[in-house]
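Trainee: I'd like to go over a predicted model; first the sequence, then the structure.
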Amino acid sequence: GLLLPRAPRRFSVRHRDGATRLATLSYLAADPGQRAAAYGLALPAPFSAERIGLVYALARLLEAFQAALPAVGHGDLSTKNVLWSLERGPEVFVLDCDSCERYDADATPLDAEHRRRAMTPNWDDPAIPPGANPTLFSDRYSLALIFLRVAGAAHFPLQARQRRGELLDVELGLPQTARKARSLAAGAPIWDICARSLSAAAPADRPPAAEWIGALEQILDDLGATRSARAVRAAQGGGTPA
């Protein structure tokens, strides 16, 4: 058997009716006003330092997965499988790790080939044929989706358009508070990283999580939130800026 740790209490939210629920990233992938009306929750604004900090925390976690020997792929990253907390600074807690796979240096799976791995609908990698398992590069696609949907507080559907071969133009309206960040301006590195991570034609060329880390740190710095980046590193055991 396998004993899984219970998510700490700080990774939960309390609804208006008093019910306590796991704080999945799904709460952040929609307009905060809608969530406030539905559940009575006060959530951070789109492209706030809190939201960028949560994506930064996840990118650092995935970088540790991808840099391991052998590398580890989660395979089913979605807003339903990642919890968040701002109690001690931006923190994430990943669920459903039973889909994890180990990979050698050539990104070849090391585990039993017959083991079927699930992917959450609307989060599946469009580069994966129907019935096939996610790859080491599928987490890189999911990280880009999480950035768009969590930082931008938007659903942002993509997969159906990608499977039809349509070209994607990633455009998100930035609130006034985020427009001062040059690292979020048109042509900034974060948008190139995002576009390459979403590629269905060349999944092996998707940038690793390590590329996201420096770009996200720059955004936090531009937003005057270097303290959030330090809090993430401290919660994850230390480390220096990228």
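Mentor: Here it is on my side, so go on.
Trainee: can you name the next helix or strand after the longest helix seen in the chain?
Mentor: The helix that spans the most residues within the chain, counting by DSSP state H, is helix 49-67. Counting by DSSP states H and E, the element after helix 49-67 in chain order, helix or strand, is strand 71-73.
Trainee: can you list contacts of the next helix or strand after that next one?
Mentor: The C-terminal neighbour of strand 71-73 among helices and strands, as given by DSSP H and E, is strand 82-85. Outside strand 82-85, the residues within contact range by CB atoms under 8 Å, 6 or more residues apart in numbering are 7-8, 10-11, 22-25, 27-28, 54, 58, 90-95, 146. (Each C-beta comes from the backbone N, C-alpha and C, glycine too.)
Trainee: kindly recompute the last result at 10 Å.
Mentor: If you take CB atoms under 10 Å, 6 or more residues apart in numbering as the criterion, strand 82-85 is touched by 7-13, 22-28, 50-51, 53-55, 57-58, 61, 74, 90-96, 142, 146, 150, 235.
Trainee: in strands, which of those fall?
Mentor: Of the contacts of strand 82-85, the ones assigned to strands by DSSP state E are 12-13, 22, 91-94.
Trainee: and D169, how close does it get to L158?
Mentor: When CB to CB, to the nearest Å is the yardstick, D169 and L158 sit 11 Å from each other.
Trainee: which one's more surrounded, these two?
Mentor: Comparing D169 with L158 by other CB atoms under 10 Å, the one with more neighbours is L158, at 20 against 6.
Trainee: quick one: the more buried one and L148 touch, right?
Mentor: Yes - look at L158 against L148 with CB atoms under 10 Å: they come within range, at 8.1 Å.
Trainee: now do the shared contacts for those two.
Mentor: Common contacts of L158 and L148, defined by CB under 10 Å, 6+ apart, comprise 170, 198.
Trainee: excluding sequence neighbours, find me the nearest residue to D96.
Mentor: Of all residues beyond its chain neighbours, the one nearest D96 is N81 (4.6 Å), with distances taken as CB to CB, 6 or more residues apart in numbering.
Trainee: please read the previous query as pertaining to R227.
Mentor: Distance criterion CB to CB, 6+ apart; nearest residue to R227, sequence neighbours excluded, is G89 at 8.0 Å.
Trainee: counting neighbours, what do you get for that neighbour?
Mentor: Other residues within reach of G89, judged by other CB under 10 Å, total 19.
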